[in-house]
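Peer 1: okay, here's the prediction I keep looking at, along with the sequence it came from:
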Amino acid sequence: MTKQGLLVVISGPSGVGKGTVLRSFMAQNENVRLSISATTRSPRPGEEDGVHYYFLSRERFLELAGSGGMLEHAEYSGNYYGTPRDMVQRELDAGNDVILEIDVQGAMQVKAARPDALMVFILPPSMAELTRRLVDRRTEDEVTINRRLAAARGELEQAHRYDYAVVNDNIEDAVEKLAAILRAAKCSTRYLNDFINEVQCL
Ligand SMILES: Nc1nc2c(ncn2[C@@H]2O[C@H](COP(=O)(O)OP(=O)(O)O)[C@@H](O)[C@H]2O)c(=O)[nH]1
Ligand SMILES: Nc1ncnc2c1ncn2[C@@H]1O[C@H](COP(=O)(O)OP(=O)(O)O)[C@@H](O)[C@H]1O
């Protein structure tokens, strides 16, 4: 039997650099898969259906969620977001680690349903820098940016519910810290049963 991959949840306020850090992390690490979420928000320029997100109508989203097709789902800043179940389980069973880049509400659902999930929170160096990144990205209008900054304060208060925090000051450093956390997690005694069956600590 192939050993199961690690389920990794990554959260952090909008604009902190989750996408940027994960793109670089994925390019440097094999046997890791990024779950593609479903969302009802509109695609940004350059975003492709089935690559960055599955862009669904509200009706289709609710249908999928209602039929148990999602591991978790939540409403964030006026839109629905959720993790389709199928790919996550398939990749874990194949022995690949799976990263869910999801908001705090969804993360807490995963933590309850899958206590084995490794929970990582990405922090900004400061609120001023977070604001600067969100504004400079130029993908949202002022109202949306303000909404996301308001949400950020609530999200940061939940960071203590995660196993690890990574400050995204410098991208390369953040990628390296994330890799170290995954390596350490594979040696964690919380996976002791798996560990006895199969040496996970490389
Ligand atoms: N619960 C949940 N949140 C998600 C999912 N996919 C993305 N999100 C979160 O939704 C929020 C908004 O995502 P997005 O609109 O892409 O904006 P961005 O994070 O600023 O690039 C972020 O906190 C994401 O982590 C998902 O499948 N489930
Ligand atoms: N360590 C960093 N230093 C400076 N700018 C960064 C850093 N990480 C990300 N950024 C920039 O901040 C903006 C938001 O990053 P993004 O990855 O889209 O965030 P998120 O996915 O968390 O919403 C982007 O313009 C990105 O280029």
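Peer 2: In hand now; what should we look at? Numbering: from 1, shown residues only. Ligands and ions are numbered 1, 2, ... in the order given.
Peer 1: ok, the residue in the chain that ligand 1 sits nearest to - how many residues close by?
Peer 2: Closest residue of the chain to ligand 1, CB to the nearest ligand atom: residue 106 (2.3 Å). (Each C-beta comes from the backbone N, C-alpha and C, glycine too.) When counting by other CB atoms under 10 Å, one arrives at 24 neighbours for residue 106.
Peer 1: so it is in which element?
Peer 2: helix 104-113 (DSSP states H and E).
Peer 1: in that helix, what counts as buried?
Peer 2: Using 16 or more other CB atoms under 10 Å as the test for burial, helix 104-113 gives 104-111.
Peer 1: now the residues you listed in TSV, with distance to residue 135 and pLDDT?
Peer 2: Listed next are the buried residues of helix 104-113 as TSV, based on distance: CB to CB, whole Å; pLDDT from 0 to 100:
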residue	distance to residue 135	pLDDT
104	22	97
105	25	96
106	25	98
107	25	98
108	29	98
109	31	97
110	30	98
111	31	97
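Peer 1: and the next helix or strand past whichever helix or strand residue 146 is part of?
Peer 2: Secondary structure from DSSP H and E places residue 146 in helix 142-156. Counting by DSSP H and E, the element after helix 142-156 in chain order, helix or strand, is strand 164-167.
Peer 1: check whether whichever helix or strand comes after that next one contacts ligand 2.
Peer 2: The element immediately downstream of strand 164-167 (helix or strand, assigned by DSSP H and E) is helix 171-185. Yes: judged by CB under 6 Å from any ligand atom, helix 171-185 comes into contact with ligand 2 at residue 171.
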